[in-house]
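**Student:** I would like to see how this sequence folds:
(chains A and B)
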Amino acid sequence: MYRSHNCGELRMDHVGQTVTLSGWVQKSRDLGGLTFVDLRDRYGITQLVFNMDENQVLTEKARKLGREFVVRAEGQVRERSSKNANRATGNIEIDVKDLQILNASKTPPFTIEEDTDGGEDLRMKYRYLDLRRGPLQRNLMFRSKLAVETRKYLSDVGFIEVETPNLIKSTPEGARDFVVPSRMNPGEFYALPQSPQTFKQILMVGGFDKYFQIVKCFRDEDLRADRQPEFTQIDCEMSFVTRDQILDTFEGLTKYLFKQMLDTELPDFPKMSYDEAMERYGSDKPDTRFGMEFTDMTETVKGKGFGVFDSAEFIAGICAEGIAESYSNKDLKQLTEWLQRPQIGCKGLVYAKLNNDGTIKSTVGKFYSDDDLKLWAEKMGGKSGDILLLLCGEKEKTQKQLNELRLEMGRRLGLMDPKVFNPLWVVDFPLLEWDEESERFHAMHHPFTSPKTEDIDRMMTGDHETMKALRADAYDLVINGVEIGGGSVRIHDRDLQSKNFDLLGFTKEEAEAQFGFLLGAFEYGAPPHGGIAFGFDRLNAVMNGQNSIRDFIAFPKNTSGRDMMIDAPSPVDNEQLDELYLSLQEIEKSGA
RNA sequence: GGUAUUGUAACUCAACGGUAGAGUGCCCGACUGUCUCUCGGGUGGUUGCGAGUUCGAUCCUCGUCAAUACCGCCA
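**Tutor:** Down below sits the predicted model:
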């Protein structure tokens, strides 16, 4: 027997019992005649004691243990003479009678502790060591429970979990596909699914009116801290439902998950239109934990001789509360430079400091009287002690930049409380997005998204400008400025679907070749349906107040899409290539 | 594809253009109540790689590779 108990469960109640523990050596403290060894498993740490007077051979053996040795120890639980209040098992220790080294270990390249000294790349290479650390263990246990609770909730309200294939068909819309060559079908390729989108819609046609799946999705696009090439979704679809029934169902799920996992009661989720989100926050995923909302100043500030404003399409600002005294000119200059980085690309920042003594200091004081500036303050809700920050330019671009500024100020002023969760539904997204480069429309959500009922007529007959303004029955769940998931009511009418493909620039033949199976299915009685998918990795991260999803994935990839542990991707043998009828082009290495 | 930052001992980081250093780890020794044990000694380097400038480069310049963050991209 390797263990009678784990390393986290022994307490004063167990004193006197003979127990067997197995685990890893966290650390040993050799005091000469007395040696302490901290034994660790995923449940906790228990102290082993060896005494030279009582058993010299065993103590000598214990003194030779290195970090991360795997050992089995048998002995008696006893009360400690000096207790450690910082540890759950800190009142007891094991007086070891027998010690077995199950496996020795090389010295690990970084410390296996709560806060490791290892850098990201080392931790990735030795992921199996990093996984032994408390934070990673807790994250993966959290993830496991979150999946279990999701299944519990959804199956309790009647959802059926159905698996869909991973070897499917490449489609031109959306992200780049990962592609898999088919040996049995020379010259042809499968694609890995970007999501089970078409399959879940076909399941609706198949009569599974409530479907869900916790499923891997694959997208061959550049990565970020919150984006992996393979990631997991809670994917759902429902038939015979309205938009609000879908939203209610998943609001219910979200509330349930927060209650079960964090014991947090979420309030009802507000619904905000895409347009409103853009006006108030300049973002389709606003962080509503703090205010600092936009004020449109276009009309207010024009006509006073300040050319930059007078010629601008759009001028808007935010009010940063209570920092007039603490923010020096140097700070503001530095903030301006931050805004001027190419990633953001502002030309400049206009500010007005509303000093506590009632004076106002502004970069554009030359053009605006104190009364003018007081009007600004009034419009923007500024009071003494605040700083008004204004940006101007082309409307969409300026909104985007002001959004960045708002978020940065939120960060700097500590307004993003990690303990607070502010969910909201962003609804009524645009149906189509005009792509200047290819000079055609793209589906903002995906090609099966239904326009809002009231927009259908305009869609069938409207001109180009009308098309840009069409609203879709599409929605996102946003929590603390993170897009947790999104979905839409789908088109179930073949004519409407054809029109949509038309607008997206598909010929009939292309549409048939790409999506014929779905269109065919729709001819046999497709029910009205809609659905949603949550980013499961992101949900884990957000619930734990973290930005990076990597520490919630057991084996993540780095920013170049490499698995540093197994060193993938890697070349394959010519034999393998031949079998697949593939030949490689020379890869040009520049320079060298 | 672009912008930026970083690359020095096993790890985390220092070092004005002038013989490369600390803490941690690791090894040896001492130590009977530690839990960041303590104390003494020791080990440890192709400064990512390649050019260039210079009497001399970890430092400056160019190239290159890699990691990370962001933009583009991605729902």
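**Student:** any idea how chain A splits into domains?
**Tutor:** Split into domains by automatic domain parsing, chain A comes to A:12-103, A:138-268+A:535-574, A:290-412.
**Student:** in TSV: those, plus mean neighbour count.
**Tutor:** The C-beta positions use only the backbone N, C-alpha and C, and glycine is treated the same way. Shown next, in TSV, are those (neighbours: other C-beta atoms under 10 Å):
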stretch	mean neighbour count
domain A:12-103	17
domain A:138-268+A:535-574	17
domain A:290-412	17
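**Student:** residues from the stretch 351-500 of chain A in reach of RNA strand B?
**Tutor:** Within reach of RNA strand B by C-beta under 7 Å from any atom of the strand, the stretch 351-500 of chain A has these residues: A:429, A:444-446, A:474, A:476, A:483, A:486.
**Student:** now render those residues as JSON lines, adding neighbour count and pLDDT.
**Tutor:** Shown next, in JSON lines, are these (neighbours: other C-beta atoms under 10 Å; pLDDT from 0 to 100):
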{"residue": "A:429", "neighbour count": "23", "pLDDT": "96"}
{"residue": "A:444", "neighbour count": "17", "pLDDT": "90"}
{"residue": "A:445", "neighbour count": "23", "pLDDT": "90"}
{"residue": "A:446", "neighbour count": "20", "pLDDT": "90"}
{"residue": "A:474", "neighbour count": "27", "pLDDT": "96"}
{"residue": "A:476", "neighbour count": "21", "pLDDT": "97"}
{"residue": "A:483", "neighbour count": "18", "pLDDT": "95"}
{"residue": "A:486", "neighbour count": "21", "pLDDT": "95"}
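**Student:** coming back round to it: let me have the domains of chain A in TSV, adding mean pLDDT as columns.
**Tutor:** TSV is the format used below for these (pLDDT from 0 to 100):
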stretch	mean pLDDT
domain A:12-103	96
domain A:138-268+A:535-574	95
domain A:290-412	93
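**Student:** export those to CSV and tack on distance to residue A:437?
**Tutor:** Putting the domains of chain A into CSV (distance: least, C-beta to C-beta, whole Å) gives the following:
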stretch, distance to residue A:437
domain A:12-103, 51
domain A:138-268+A:535-574, 15
domain A:290-412, 16
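**Student:** nearest to residue A:280, out of the ones you listed?
**Tutor:** Nearest to residue A:280, of all those, is domain A:290-412, at 4.8 Å by C-beta to C-beta.
**Student:** straight-line length of the closest one, end to end?
**Tutor:** End-to-end distance for domain A:290-412: 12 Å, by C-alpha to C-alpha, to the nearest Å.
**Student:** just the CA atoms of stretch A:388-401, as PDB, please.
**Tutor:** Extracted C-alpha coordinates of stretch A:388-401, given in PDB (Å, rounded to 0.1, in the frame of the first residue of the first chain):
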ATOM      1  CA  LEU A 388     -11.100  66.200 -18.400                       C
ATOM      2  CA  LEU A 389      -9.400  64.200 -21.200                       C
ATOM      3  CA  LEU A 390     -10.400  64.700 -24.800                       C
ATOM      4  CA  LEU A 391      -9.600  63.100 -28.000                       C
ATOM      5  CA  CYS A 392     -10.700  63.900 -31.500                       C
ATOM      6  CA  GLY A 393     -10.600  62.700 -35.100                       C
ATOM      7  CA  GLU A 394     -12.500  60.300 -37.300                       C
ATOM      8  CA  LYS A 395     -15.400  58.900 -35.200                       C
ATOM      9  CA  GLU A 396     -14.800  55.200 -35.100                       C
ATOM     10  CA  LYS A 397     -11.100  55.600 -34.600                       C
ATOM     11  CA  THR A 398     -11.500  58.100 -31.900                       C
ATOM     12  CA  GLN A 399     -14.000  55.900 -30.000                       C
ATOM     13  CA  LYS A 400     -11.500  53.100 -30.200                       C
ATOM     14  CA  GLN A 401      -8.700  55.300 -28.900                       C
END
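**Student:** what does it rub up against?
**Tutor:** With contact meaning C-beta atoms under 8 Å, 6 or more residues apart in numbering, stretch A:388-401 is reached by A:278, A:282-283, A:294, A:297, A:301, A:308-309, A:312-320, A:339, A:344-347, A:349-352, A:354, A:376-377, A:380, A:382, A:402, A:405, A:409.
**Student:** those residues in strands, which ones?
**Tutor:** A:314-320, A:350-352, A:354 (DSSP state E).
**Student:** now, among those, which is nearest to residue A:39?
**Tutor:** residue A:320 (52.1 Å).
**Student:** settle this for me: the closest one is touching residue A:290, isn't it.
**Tutor:** No. Here residue A:320 does not reach residue A:290: they are 10.6 Å apart, not a contact under C-beta atoms under 8 Å.
**Student:** so residue A:261 is in which element?
**Tutor:** Using DSSP states H and E, residue A:261 falls within helix A:243-262.
**Student:** what's downstream of that helix, the next helix or strand?
**Tutor:** Going down the chain from helix A:243-262, the next helix or strand is strand A:271-273, by DSSP H and E.
**Student:** give me the sheet partners of that following strand and which way each runs.
**Tutor:** Counting by DSSP bridges, the strands paired with strand A:271-273 are strand A:423-427 (parallel).
**Student:** what's the very next helix or strand once past the strand it pairs with in contact with?
**Tutor:** Next helix or strand after strand A:423-427 toward the C-terminus (DSSP H and E): strand A:432-435. Outside strand A:432-435, the residues that touch it by C-beta under 8 Å, 6+ apart are A:440-444, A:467-468, A:470, A:503-504.
**Student:** please repeat the previous calculation with a cut-off of 10 Å.
**Tutor:** With contact meaning C-beta atoms under 10 Å, 6 or more residues apart in numbering, strand A:432-435 is reached by A:440-445, A:449, A:451, A:459, A:464, A:467-470, A:472, A:500, A:503-505.
**Student:** narrow the residues you listed to those in helices?
**Tutor:** Within these, residues falling in helices by DSSP state H are A:459, A:464, A:467-468, A:500, A:503.
**Student:** buried among these? Need that as a selection in PyMOL.
**Tutor:** Burial among those is assessed by 16 or more other C-beta atoms under 10 Å; the matching PyMOL selection reads:
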select buried, chain A and resi 459+467+500+503
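**Student:** will you turn the ones in helices among the contacts of strand A:432-435 into TSV that also has pLDDT?
**Tutor:** Formatted as TSV, those follow (pLDDT from 0 to 100):
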residue	pLDDT
A:459	89
A:464	84
A:467	88
A:468	86
A:500	89
A:503	88
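**Student:** got a markdown table for the ones in helices among the contacts of strand A:432-435, with distance to residue A:170 too?
**Tutor:** Formatted as a markdown table, these follow (distance: C-beta to C-beta, whole Å):
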| residue | distance to residue A:170 |
| --- | --- |
| A:459 | 28 |
| A:464 | 30 |
| A:467 | 27 |
| A:468 | 29 |
| A:500 | 20 |
| A:503 | 22 |
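**Student:** between the ones in helices among the contacts of strand A:432-435, which sits nearest residue A:60?
**Tutor:** Nearest to residue A:60 among those is residue A:500, at 77.8 Å by C-beta to C-beta.
**Student:** residues touching that closest one, list them.
**Tutor:** Shown in contact with residue A:500 (C-beta under 10 Å, 6+ apart): A:431-432, A:441, A:443, A:447-451, A:459, A:491, A:493, A:506, A:511.
**Student:** distance between the ends of stretch A:460-474?
**Tutor:** Using C-alpha to C-alpha, one end of stretch A:460-474 lies 19 Å from the other.
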